[in-house]
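In: the sequence isn't on hand, but the structure is:
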Ligand code: SAH
Ligand code: SF4
């Protein structure tokens, strides 16, 4: 039975003590650490914590594998492709280890949380010294120290495989090394209770649990004070934020309180499950001073039959109504989505339904995936007669439609002046800066590098499927 468990201050201090021990052990020369990330934004955010731990343990961060004394691979399990890539890279580390036997190889993330995968790592990926699941992030120093202690012992070369089922953990105050100073991830919850029939997330990330509103607000205030301009709230289904807390809280309420933080910044969030996206959410977004007018509302399929088999709890009419309500509240709304092609039992007719919904909803951008059977999920056991080649044909057709609509939507910006946040450099000429509209569309600009982190007005001069070109005015 799921139980929420908040990590205590003592438990956190104990981890700090493991950091100190590791630091002492590393004293004498500079040791380098590298974290390699696969998958979603939540994983990017978890990798920032892993980097935070490595720094606390005395490592200096590097992007150069050849220089690293420790490599942590933070894996994804959502599709087989992501797992294969991660495993391929882990396997390739054997060459590095042959040259540097002291190299520590750690594998974390969702892939490792699966029992079959852990067995596979144990038997076939002997290069791995430590495997740990996402629930173990808060005690990474303890696991790392354990691995270091076991090293040199006889037997299984001191390997530690620790993807324990310690579900329900909520940990505050973990160290974090953020990437850059403009955009920040802010995780508001973990896990998922939806059990969409194709999805592995609820199995690997565990039951849904929310951070306390006070902790989230304090982190957001700190980010704004430190100059971050673009804050993305993260959760598998942010719309069910607050469930299970002993204080009353919901997502629109959280957005309203975050919006009160003074300053010039944009608030974004992902992901929003259509079944729980409410009129009130759209109203709060529309009335907010900081909220991006962007909603990522994964559709998955336009066929009612397939949506039911996916366990999504909405039909195409309900989805279209939500999209329309969101657009009524925010006429300049940017609407993006995810779609799975070739779900087991999907027919040509079902697929046509998806195409027609896409034509109707006119998404600004779409992320499209071919169904990937995930071991242990109900969909993996469903009859799946359509060949991979046929699915690829559907996929290509959907992608062409998506590109056409995105291109048309982008073309409509040309000639308009929009406020954008300059968020980075492109390393290219003449458009050396990248920027985002409030709705999150990518804009390429030419200008002084000192503008990174500033809001500017840009006149849109050109467009493509993926991005806009503009001039600072
Ligand atoms: N919690 C988010 C995202 C989950 S994973 C949500 O519910 O929207 C991100 C996307 O990956 C999903 O929206 C889905 O489109 C895709 N996905 C998940 N499982 C998949 C699978 N087994 N095969 C193909 N795509 C999948
Ligand atoms: Fe997976 Fe569905 Fe949960 Fe998203 S809402 S993480 S698709 S189970």
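Out: Arrived safely, thanks for sending. What you see is a predicted model; the values in this text were computed from it and never measured. Ligands and ions are numbered 1, 2, ... in the order given.
In: quick check: the gap between residue 17 and ligand 2.
Out: 35 Å (CB to the nearest ligand atom, to the nearest Å). Placement of C-beta: from N, CA and C, glycine included.
In: with residue 80 instead?
Out: Here the criterion is CB to the nearest ligand atom. By it, residue 80 lies 15 Å from ligand 2.
In: OK, contacts around the closest residue to that residue other than its chain neighbours?
Out: Distances taken as CB to CB, 6 or more residues apart in numbering put residue 372 closest to residue 80, at 4.7 Å, once the chain neighbours are dropped. Residue 372 is in contact with 78-81, counting by CB atoms under 8 Å, 6 or more residues apart in numbering.
In: hmm, which helix or strand of the protein has the shakiest average pLDDT?
Out: strand 160-161 (a mean of 76; mean pLDDT, DSSP states H and E).
In: partner strands of it, with direction?
Out: Paired with strand 160-161 in the same sheet, following DSSP bridges, are strand 130-131 (parallel).
In: what does the strand it pairs with rub up against?
Out: Identification of contacts with strand 130-131 by CB under 8 Å, 6+ apart yields 104-108, 112, 118, 121-122, 143-144, 147, 159-163.
In: in ChimeraX, select just the buried ones from those residues.
Out: The ChimeraX selection below is limited to those of the contacts of strand 130-131 classed as buried (16 or more other CB atoms under 10 Å):
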select :104,105,106,107,108,112,118,121,143,144,147,159,160,161,162,163
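In: from the contacts of strand 130-131, which land in helices?
Out: Using DSSP state H to define helices, the subset of these located there is 112, 118, 121-122, 143-144, 147.
In: now the residues you listed in CSV, with distance to ligand 1 and pLDDT?
Out: Below are the ones in helices among the contacts of strand 130-131 laid out as CSV (distance: CB to the nearest ligand atom, whole Å; pLDDT from 0 to 100):
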residue, distance to ligand 1, pLDDT
112, 17, 94
118, 20, 89
121, 21, 93
122, 25, 89
143, 26, 94
144, 29, 95
147, 30, 92
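In: which of the residues you listed sits closest to residue 465?
Out: Lowest distance from residue 465 to these (CB to CB) belongs to residue 112, with 35.9 Å.
In: surely the closest one meets residue 120?
Out: No. Residue 112 lies out of contact with residue 120 (CB atoms under 8 Å); the separation is 10.2 Å.
In: tell me the domain ranges of this structure?
Out: Split into domains by automatic domain parsing, the chain comes to 9-162, 183-411, 417-472.
In: does anything pack onto the helix or strand hosting residue 409? Which helices or strands?
Out: Assigned by DSSP states H and E, residue 409 belongs to helix 388-411. Contacts defined by 3 or more CB pairs under 8 Å, 6 or more residues apart in numbering; DSSP states H and E place helix 388-411 against strand 334-341, helix 348-361, strand 365-370, strand 455-463.
In: next helix or strand past the last one?
Out: Looking back up the chat, that one is strand 455-463. strand 468-472.
In: contacts for that following strand next, please.
Out: The contact list for strand 468-472, computed with CB under 8 Å, 6+ apart, reads 410, 413-414, 418, 420, 431, 435, 437, 441-447, 451, 456-463.
In: buried ones among those residues?
Out: Neighbour counting by 16+ other CB under 10 Å classes 410, 413, 418, 420, 431, 435, 437, 441-445, 447, 456, 458, 460, 463 among the contacts of strand 468-472 as buried.
In: show the backbone phi and psi for residue 91.
Out: The phi/psi pair for residue 91 (degrees, to the nearest 10) reads phi -60, psi -40.
In: enumerate the residues of the chain near ligand 2.
Out: 192, 194-196, 199, 201-202, 236-237, 273 (CB under 6 Å from any ligand atom).
In: what about residue 432, neighbour count?
Out: Around residue 432 there are 16 other residues, counting by other CB atoms under 10 Å.
In: for residue 334, same thing?
Out: With other CB under 10 Å as criterion, residue 334 counts 19.
In: what's the spacing between the closest residue to it other than its chain neighbours and ligand 1?
Out: Of all residues not flanking residue 334 in the chain, residue 439 sits nearest, at 3.2 Å (CB to CB, 6+ apart). Going from residue 439 to ligand 1 by CB to the nearest ligand atom gives 19 Å.
In: pLDDT score assigned to residue 439?
Out: Listed pLDDT for residue 439 reads 94.
In: next up, the contacts around it.
Out: Each residue near residue 439 by CB under 8 Å, 6+ apart is listed here: 292-294, 332-334, 364.
In: residue numbers of the stretch 201-350 of the chain in contact with ligand 1?
Out: 201, 236-237, 271, 273, 298, 300, 338, 340.
In: buried only: go through those for me.
Out: Neighbour-count burial (16+ other CB under 10 Å) applied to these gives 201, 236-237, 271, 273, 298, 300, 340.
In: now, the residues you listed that are in helices?
Out: Checked against DSSP H, these include these in helices: residue 201.
In: including pLDDT, could the buried ones among the residues of the stretch 201-350 of the chain next to ligand 1 go into TSV?
Out: Conversion of these to TSV gives the following (pLDDT from 0 to 100):
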residue	pLDDT
201	95
236	93
237	94
271	94
273	96
298	98
300	98
340	98
